[in-house]
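[1] Provided below for reference: sequence and predicted model.
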Amino acid sequence: VQLQASGGGLVEAGGSLRLSCAASGSIFGFHDMGWYRQAPGKQRDLVAAITNSGTTNYADSVKGRFTIARDNAKNTVYLQMNSLKPEDTAVYYCAADAPDRTADWAPRRYWGQGTQVTVSS
């Protein structure tokens, strides 16, 4: 299983960015998909998640500003980030849950490589 994230960059406060993450390699598809972020010296925290039926969950700090969506046909998850703030600066990681063929098909979380988002004040 591989997850390829893209779309990070440098933006001024108040601006927008859209992250994409394409997942591949799971013959049974992917269950929950989501985005996490990790700022320097801090733990990795959930930003937003979406089930394969479209139910979403957001961190309180991004509600009303970020929108998560997915295209199940493409196994791709998106994160539209609007009204960005300097405190949104972090490395953003995509994650996807899928059955692990090496562990009797038990669900396992897979991670993308991370993409840097920097918001200047």
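    Cool, got the structure.
[2] Tell me the helices and strands packed up against the lowest-mean-pLDDT helix or strand in the chain.
    Scoring the helices and strands of the chain by mean pLDDT, DSSP states H and E places strand 106-111 at the bottom, with a mean of 92. Judged by 3 or more CB pairs under 8 Å, 6 or more residues apart in numbering; DSSP states H and E, strand 106-111 is in contact with strand 2-6, strand 90-100. Using the backbone N, CA and C atoms, a C-beta is placed for each residue, glycine as well.
[3] so which of these gets nearest residue 47?
    Of all the helices and strands packed on strand 106-111, strand 90-100 sits nearest to residue 47, with 7.1 Å by CB to CB.
[4] pLDDT value on residue 104, please?
    Looking at residue 104, its pLDDT reads 89.
[5] number of nearby residues for it?
    7 (other CB atoms under 10 Å).
[6] re the thing from before, what does the least confident helix or strand of the chain rub up against?
    1-3, 23, 31, 93-100 (CB atoms under 8 Å, 6 or more residues apart in numbering).
[7] Repeat that for stretch 41-60.
    29-38, 62, 66-70, 72, 77, 79, 90, 92-93.
[8] one more time with 10 Å
    19, 29-39, 61-70, 72, 75, 77-81, 88, 90-97, 111, 114 (CB atoms under 10 Å, 6 or more residues apart in numbering).
[9] Just the buried residues of it, please?
    In terms of neighbour count (16 or more other CB atoms under 10 Å), stretch 41-60 has its buried residues at 44, 47-50, 58.
[10] okay, which residue is most central for the chain?
    residue 35 (2.2 Å; CA atoms, centre = their mean).
[11] Mind giving me the packing neighbours of the helix or strand harbouring it?
    Secondary structure from DSSP states H and E places residue 35 in strand 33-38. Strand 33-38 is packed against strand 17-24, strand 45-50, strand 56-58, strand 66-71, strand 76-81, strand 90-100, strand 106-111, strand 115-120, with contacts defined by 3 or more CB pairs under 10 Å, 6 or more residues apart in numbering; DSSP states H and E.
[12] Relative to its centre, which residue of this structure is most distant?
    Largest centroid distance in the chain under CA atoms, centre = their mean is residue 104 at 26.2 Å.
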